[in-house]
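Peer 1: requesting a structural model of the entry that follows:
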Amino acid sequence: MKDIFLFLVLFALCSCHNYTKSKTVVWNYDDFISANVRMSDIADEMTIIQPDSIDYKGAEIVHASSFFLAGTEQGILRYDKEGHFMNRIGAIGQGPGEYRRFYNMAINETDRIIYVYCMDTSALLSFSYEGTFLNKHSLQLPKEWAWKFYYLEDKFYFYYLVNADSESAPYMYAITDTIGNLLYSKLDESLDFAPG
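Peer 2: The predicted model follows:
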């Protein structure tokens, strides 16, 4: 259902703009359709889960089939589907197997591994589901600070924010293998920012 919703949003965005001779995209927001949607139209069931041991504000959440991770200022915490605390994944710090406060998470359910992407150092840490440190790899990314990363079929996908102030051709995404080797990266060559 999420895929259909995402497709409809992208379709609406693509159909509601005009191209001028300068190749600048001009969005006509009057063409966007606004509609009230009931929760029952998009989901059969909804459950609100309040984890039992953290202040939940601002936590980054990553879901697996039988648990979820909450990335907090106290570190990465693992909870079962009902919100009961299971264990901590590694720890925040600067020692071996520790990560700083700028991190993102991904889950490999097949091999039961939790990956932590250290954004400021372009390092990739791996942990068991029980929180035991397994390995560290340096990532060969085209630039640091990817805003989001995902694991899928033995590859990592890193997505970047467009920063008009620093680059004329910003990176869109990069793909690495599970030990950090760069496989592919994509520049957004359609964007061309003038200085200032």
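Peer 1: when you work out contacts or count neighbours from here on, use the C-alpha atoms and nothing else.
Peer 2: OK.
Peer 1: what sits closest to the residue nearest the centre of the chain if chain neighbours are left out?
Peer 2: Geometric centre of the chain, nearest residue: Lys148, 3.0 Å, by C-alpha atoms, centre = their mean. The shortest distance from Lys148 to any residue other than its chain neighbours is 5.3 Å, reached at Tyr159 (C-alpha to C-alpha, 6 or more residues apart in numbering).
Peer 1: which residues of this protein fall in helices?
Peer 2: Using DSSP state H, the helices found in the chain span residues 2-15, 39-42.
Peer 1: check these for me: which has the lowest mean pLDDT.
Peer 2: For the helices of the chain, mean pLDDT drops lowest on helix 2-15, to a mean of 45.
Peer 1: run through the protein and note the low-pLDDT ranges.
Peer 2: Applying pLDDT under 70 to the chain flags the ranges 1-30, 54-57, 162-169, 188-196.
Peer 1: mind redoing it with 50?
Peer 2: Applying pLDDT under 50 to the chain flags the ranges 1-20, 196.
Peer 1: now do the same contact list for the closest residue to Ser53 other than its chain neighbours.
Peer 2: Counting by C-alpha to C-alpha, 6+ apart, Phe85 is the residue found nearest to Ser53 once chain neighbours are left out, at 6.6 Å. The contact partners of Phe85, by C-alpha atoms under 8 Å, 6 or more residues apart in numbering, come to Pro51, Asp52, Ser53, Leu77, Arg78, Tyr79.
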